[in-house]
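Student: Got a predicted model here, sequence first, then my questions.
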Amino acid sequence: MAVLSVVFMALHPTTGTHDPVEFVTRAGRGVPGNTLVHGVLITLVLMMFICFLSLRDVLGSGRLLVRAGLVALVVGTTGAVVAGLINGFIIPSGASHFAGAEPQRVESALAVMTLAREAGATCARVGVVGLSLGAIAWAWCLLAFGGWRRAAGVAGIVCGVTPMAMHVGEHLRMNVPGFGLFVLIYAVWAVIAGIVLLRWQSPSPTMPRTA
């Protein structure tokens, strides 16, 4: 699923223009594969959320830091899903009403489309922050176990801190390349979490009290 999310993000179509009027026109005519790509990405995000619940179980669902990570994961997943719905379904559907219309009528839709784009970008930011914080929280829990789990925790923290630092430094823009980079980093964390689950010896280990 992590690999598929990277693949489909790479297939993410763009309108190929920065002109607002042209954006509304092209979005209304439909960008090939736009709805399909967003639909698949939303599905993959939700499926990864379900799989991450298994990591919560082995870390100890009663732990405060694990619960905090779960809250962050829920918030981040919700933000990513809503952003996908806005960009993949709501904006194209709304812009379709102005496809082929005269420029004056298209310009009248700019305010609504601009608001929708900003809403989508904001939800994407929520997704980045929430998913990154969730990764940091659960990766931090892995540090308490030592050994290969500690190494996995360090790698997970790097995967969580990197997009957060880039976002705070305004180096991670909420456009296709920027969000695509985040998807790639988050996919690495998902793979790490999958390896942890596969190698875990006990189905229900006891979490150290220091975590």
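Tutor: That came through, no problem.
Student: which residues of this structure fall in helices?
Tutor: For the chain, the helices defined by DSSP state H occupy 2-10, 20-29, 34-59, 64-85, 91-95, 103-108, 110-143, 147-168, 176-199.
Student: Worst mean pLDDT across the helices and strands of the protein, which element?
Tutor: Least confident helix or strand, the chain: helix 20-29 with a mean of 60, by mean pLDDT, DSSP states H and E.
Student: could I get the helices of the chain as a markdown table with mean neighbour count?
Tutor: From N, CA and C alone the C-beta is placed, and that goes for glycine too. Below are the helices of the chain laid out as a markdown table (neighbours: other Cβ atoms under 10 Å):
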| stretch | mean neighbour count |
| --- | --- |
| helix 2-10 | 17 |
| helix 20-29 | 19 |
| helix 34-59 | 18 |
| helix 64-85 | 19 |
| helix 91-95 | 19 |
| helix 103-108 | 12 |
| helix 110-143 | 20 |
| helix 147-168 | 17 |
| helix 176-199 | 19 |
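Student: between the ones you listed, which gets the lowest average pLDDT?
Tutor: Mean pLDDT is lowest for helix 20-29 among these, at a mean of 60.
Student: Check the gap between His167 and Ser132 for me.
Tutor: According to Cβ to Cβ, to the nearest Å, His167 and Ser132 sit 8 Å apart.
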